[in-house]
Every structure is written in C-alpha cells, then in structure tokens.
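Peer 1: give me the fold of what follows.
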Amino acid sequence: MKKLQGDKREKIEAKITPEMQKGGYANAIRISATDSEVVLDFAFIQSPEKETKSAEIVSKLIVNPSFAKKIADYINETLEKHNKEKTK
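Peer 2: Model (predicted):
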C-alpha cells in the first residue's frame, strides 16, 4: 500500500480485518462537501432499471478536502496508466 503524503509516496504496512478484506461492490456514489470535509457514500443499487430504485450504502468515507484532492489525483493517474496499458 502506498501512503499519499505531499508529492512523495512512501510504503507502509497496512493491516486489514477479514471483514474489510472481502471488499464491497458499489455502482453508485453520492459526494457532498463542507469547508472541512468531503463525504463519499458508496452505494449498491440492486435493480437500476426499475422505476422505484433503492440503494444500500455499502461504505462511507469522510476525508478533508486536501486528502480528497489527492485521492482524485491518484485515481486519475491510475486510470491513465490503465488506459495506456490497455491500448498497447
């Protein structure tokens, strides 16, 4: 796992519980923000084609805006690498 810290990435050992290790599946996200935090609610919509939709929140992440920006940058960087490898 890589820890994002400024422009440097350092390796750290991360521990994970068996329940968290299973992961989760989300096909929707709700994002809200205040001056001090960004809230990401990851949800699973069982039947998106139905007229009445219901979603189950499978994970909630609350971070400060600075860290949210770093997450977004890292996701974009990862997707760019993925797309370059995919087109080879």
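Peer 1: for residue 43, helix, strand, or coil?
Peer 2: strand (DSSP: H, G, I helix; E, B strand; the rest coil).
Peer 1: now do residue 29
Peer 2: Secondary structure assignment for residue 29 (three-state DSSP): strand.
Peer 1: any idea how many residues pack against it?
Peer 2: 11 (other Cβ atoms under 10 Å). Just so you know, the C-beta spots here come from the backbone N, C-alpha and C atoms, and that holds for glycine as well.
Peer 1: make 23 the starting number, not 1.
Peer 2: Got it, first residue is 23 now, which makes that one residue 51.
Peer 1: nearest spatial neighbour of it, chain-adjacent residues omitted?
Peer 2: Spatial nearest neighbour of residue 51, excluding adjacent residues (Cβ to Cβ, 6 or more residues apart in numbering): residue 64 at 5.5 Å.
Peer 1: count the residues that sit near that neighbour.
Peer 2: Neighbour count of residue 64, defined by other Cβ under 10 Å: 19.
Peer 1: now residue 93
Peer 2: Residue 93 has 14 neighbouring residues, counting by other Cβ under 10 Å.
Peer 1: ditto for residue 60
Peer 2: By other Cβ under 10 Å, the residues close to residue 60 number 19.
Peer 1: that one and residue 90 touch, don't they?
Peer 2: Yes: at 3.9 Å, residue 60 and residue 90 qualify as touching, with contact defined as Cβ atoms under 8 Å.
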